[in-house]
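Asks: For reference, the sequence and a predicted model appear below.
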Amino acid sequence: MRANQQPALPNPIGDIMLSSGGRPSFSSFYASEIRSVVGLAYALSGDPAAAEDLAQEAFSAAYSKWDRIGGYDNPGAFVRRVVANRSVSLFRRQLRETRAMVRVFNERPPPNEPELPSPAAELWAAVRTLPRRQAQVVALHYLDGVSLSEVGSILGVSKESANTHLRRARKRLAELLAHLEET
């Protein structure tokens, strides 16, 4: 070895890819899924900080049950379902807080829109106005690239139900975003 050459360090990620049972370790699962789960949470919440919190809560729930969840065919579906369900709770809490602020200050607080290019911001803002299940199906299918069968599995509904929610969401989004085509 030359004097200016560093010794090769072990790759810690490569050493933890599989647990003793041949299943993925939680660390490798987390590393492979965190970005897409945060993206899903952001699409559903519209708030980067809330998205991070939702994703961490979902991974924390998975970690506490990893002995069972790690054996699932698709442990990512569990995490995405937790995010989808908790995003609804977050929305409801934010709605209650907003209503309370309006009562206290007798005015609406300024909107906290995400910093996205205008058409993308409008699209995801419109998605968040859809009924809960429709917004979840749209985010999972288009943002996360999940098939309708997988969407149904993640949300605990049939593929046909997921398809119906997606069809209704597309129709409503077309109505809400018709002005974008005119520009």
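Replies: It's in.
Asks: Go ahead and confirm Val82 touches Ala62.
Replies: Yes - Val82 lies in contact with Ala62 (Cβ atoms under 8 Å); the separation is 7.4 Å. For the C-beta atoms, the positions are set from N, CA and C on the backbone; glycine is no exception.
Asks: What's the mean pLDDT across the helix or strand Val138 falls within?
Replies: For Val138, the element it lies in under DSSP states H and E is helix 132-138. The pLDDT scores in helix 132-138 average 90.
Asks: Give the other helices and strands that it contacts.
Replies: helix 75-105, helix 118-129, helix 148-155, helix 159-176 (3 or more Cβ pairs under 8 Å, 6 or more residues apart in numbering; DSSP states H and E).
Asks: any residues touching it, and which ones?
Replies: Contacts to helix 132-138, defined as Cβ atoms under 8 Å, 6 or more residues apart in numbering, come from residues 44, 84, 87-88, 91, 127-128, 130, 148, 151, 155, 157, 162, 165-166, 168-169, 172-173.
Asks: For it, list the C-alpha coordinates in CSV.
Replies: Once non-C-alpha atoms are left out, helix 132-138 reads as follows in CSV (Å, rounded to 0.1, in the frame of the first residue of the first chain):
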residue,chain,number,x,y,z
ARG,A,132,-59.5,10.5,1.6
ARG,A,133,-59.4,7.1,-0.2
GLN,A,134,-59.2,8.8,-3.7
ALA,A,135,-56.3,10.9,-2.6
GLN,A,136,-54.5,7.9,-1.2
VAL,A,137,-55.0,5.9,-4.4
VAL,A,138,-53.8,8.7,-6.6
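Asks: could you check the distance from the closest residue to Ala77 other than its chain neighbours over to Val38?
Replies: The shortest distance from Ala77 to any non-neighbouring residue, by Cβ to Cβ, 6 or more residues apart in numbering, is to Ile154 (4.3 Å). For Ile154, the distance to Val38 equals 16 Å [Cβ to Cβ, to the nearest Å].
Asks: With Ile69 instead?
Replies: 19 Å.
Asks: do Tyr63 as well
Replies: For Tyr63 relative to Val38 (Cβ to Cβ), the value is 16 Å.
Asks: and stretch 39-52, what's its mean pLDDT?
Replies: Across stretch 39-52, the average pLDDT comes to 90.
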